[in-house]
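[1] Coordinates only, no sequence provided:
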């Protein structure tokens, strides 16, 4: 007879759980991943930290899947397939918004994001994508052959057929940032709006905003908004308010 269920799990140890609740109306879950457990998930330098799907408490708000990832100096020997499986096994409730919270520590995050977006239950469901990038104030480039920077993801296309709105906070204006921007634009055929909030480093230079505008020239159907240091960039190539 339970109608509301909230789960909070830590994967430090192996855990198998089965719940039958046919009358449930509100369901939310929160799962933490330890870097040091046998069930740790990730690949290369990227580690999956947390998955959560909180109940939408306010009427009209779409349910959101939250994924937290972090790049560290500790190499993760798990395969990408294991990383995806860890996420897929926990997608047990419907959602329409994906919120990615990534701590880059100066590393490339595009491959991590592309693997998340490739998961069938995610790419087919999301209508909105919010990306929050926590990055160093002064970001240095990766060393040559850094395992965080495979190149194959830069030329791929992911079928994001329901995606209408994207917001990226902490956009850095580096080459790999623009590669990710292009990936999203060519993968989302009904995308209507994209908001870019530049990092402090990118805000200090006009080059980041200018390159964004140049990319969007080929996507006239998408409204583009670029924020820099709390202000909205004004450009004839992007919509602004």
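    Happy to help now that I have it. Since the model is a prediction, treat every value here as computed from it, not as a measurement.
[2] low pLDDT regions in this protein?
    Within the chain, the ranges that satisfy pLDDT under 70 run 11-15, 34-40, 55-61, 76-78, 137-141, 204-209, 229-241.
[3] Now do the helices in it.
    Remark: helices assigned in the chain by DSSP state H are 80-88, 110-118, 120-123, 175-187, 200-203, 207-216.
[4] Of those helices, which stretch is the most buried?
    When you average the neighbours per residue for each of those (mean count of other C-beta atoms under 10 Å), helix 110-118 leads with a mean of 21. C-beta: built from backbone N, CA, C; applies to glycine.
[5] ok, back up a step: with distance to residue 160 as extra columns, can I get the helices of the chain in CSV?
    Below are the helices of the chain laid out as CSV (distance: least, C-beta to C-beta, whole Å):
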stretch, distance to residue 160
helix 80-88, 16
helix 110-118, 7
helix 120-123, 6
helix 175-187, 5
helix 200-203, 24
helix 207-216, 17
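[6] so which of those gets nearest residue 161?
    Proximity to residue 161, assessed across the helices of the chain by C-beta to C-beta, is greatest for helix 120-123 (7.7 Å).
[7] Please state the offset of the closest one from the chain centre?
    In terms of C-alpha atoms, centre = their mean, to the nearest Å, the centre of helix 120-123 is found 13 Å from the chain centre.
[8] OK, contacts around residue 115?
    The contact partners of residue 115, by C-beta atoms under 8 Å, 6 or more residues apart in numbering, come to 43, 80, 83, 84, 153.
[9] these two touch, right, the first one and residue 79?
    This means residue 43. Yes. If you go by C-beta atoms under 8 Å, residue 43 and residue 79 touch, sitting 6.7 Å apart.
[10] Please compare those two by neighbour count and tell me which comes out ahead.
    Neighbour tally, residue 43 and residue 79, criterion other C-beta atoms under 10 Å: the higher count belongs to residue 43, 23 against 10.
[11] gap between that one and residue 72?
    12 Å (C-beta to C-beta, to the nearest Å).
[12] what does residue 28 give?
    28 Å.
[13] beta partners of the residue nearest to the spatial centre of the chain?
    The centroid of the chain falls nearest to residue 100 when counting by C-alpha atoms, centre = their mean (3.3 Å). Beta-bridge pairing for residue 100 (DSSP bridges): residue 67, residue 131.
[14] Same check on residue 6?
    Note on residue 6: beta-bridge partners by DSSP bridges are residue 28.
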